[in-house]
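> the following comprises the amino acid sequence and a computationally predicted model.
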Amino acid sequence: MSSMFITLSFLFVATKYNELIEKLQIEGKKVENAIKANEGKMSEEEKKFVEKANEINANMDITNAENQKQIKDLIDSASPEMKAKIQGDIKKLTDALKNIDITNL
């Protein structure tokens, strides 16, 4: 293979990768905006839960495994109503991510 072919192949893959990242960032921003729009409708329990989850996720001094453990512990400590809300929100997020069309990149 010629170096020109390899270079063109790399550029093609890099372009597609960048397009995918851009799409994921756009979809992530949509989810973030939807969450912010719903903040005013949240109960105090929900606000405290989100605040604590954000604190855990922002902590760069812990490992990914510790982050996951702390988030799991936070969910386990939530009320049954809060757990149901979390599961519903996770389903909405999962459904939104499934609907991202990456076939035309």
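Ah, there it is.

> residues near Phe5, how many?
9 (other C-beta atoms under 10 Å). Backbone N, C-alpha and C define where each C-beta goes, glycine included.

> that one: helix or strand, and which one exactly?
Using DSSP states H and E, Phe5 sits in helix 3-38.

> just checking, next helix/strand downstream of that helix?
Criterion used, DSSP H and E; the element after helix 3-38 is helix 44-58.

> got the buried residues for that next one?
Using 16 or more other C-beta atoms under 10 Å as the test for burial, helix 44-58 gives Glu46, Phe49, Ile56.

> could you measure from the last one over to Lys47?
Think Ile56. Going from Ile56 to Lys47 by C-beta to C-beta, to the nearest Å gives 15 Å.

> and Leu93, by the same measure?
As defined by C-beta to C-beta, Leu93 lies at a distance of 18 Å from Lys47.

> what about the closest residue in space to Lys30 that isn't next to it in sequence, how many neighbours?
In this structure, Lys30 finds its nearest non-sequential neighbour in Ala96, 7.6 Å apart by C-beta to C-beta, 6 or more residues apart in numbering. Counted with other C-beta under 10 Å, the neighbours of Ala96 add up to 14.

> can you give me the end-to-end span of stretch 74-84?
The first and last residues of stretch 74-84 sit 14 Å apart, counting by C-alpha to C-alpha, to the nearest Å.

> adjust the sequence numbering to begin at 57 for everything that follows.
I'll keep to 57 as the first residue from here, and by that count the last item is stretch 130-140.

> gap between it and the chain center?
In terms of C-alpha atoms, centre = their mean, to the nearest Å, the centre of stretch 130-140 is found 20 Å from the chain centre.

> in the protein, where is pLDDT below threshold?
57, 161 (pLDDT under 70).

> against Glu122, how distant is the residue nearest to the spatial centre of it?
The centre of the chain sits closest to Gly84, judged by C-alpha atoms, centre = their mean, with a distance of 6.5 Å. Per C-beta to C-beta, Gly84 is found 23 Å from Glu122.
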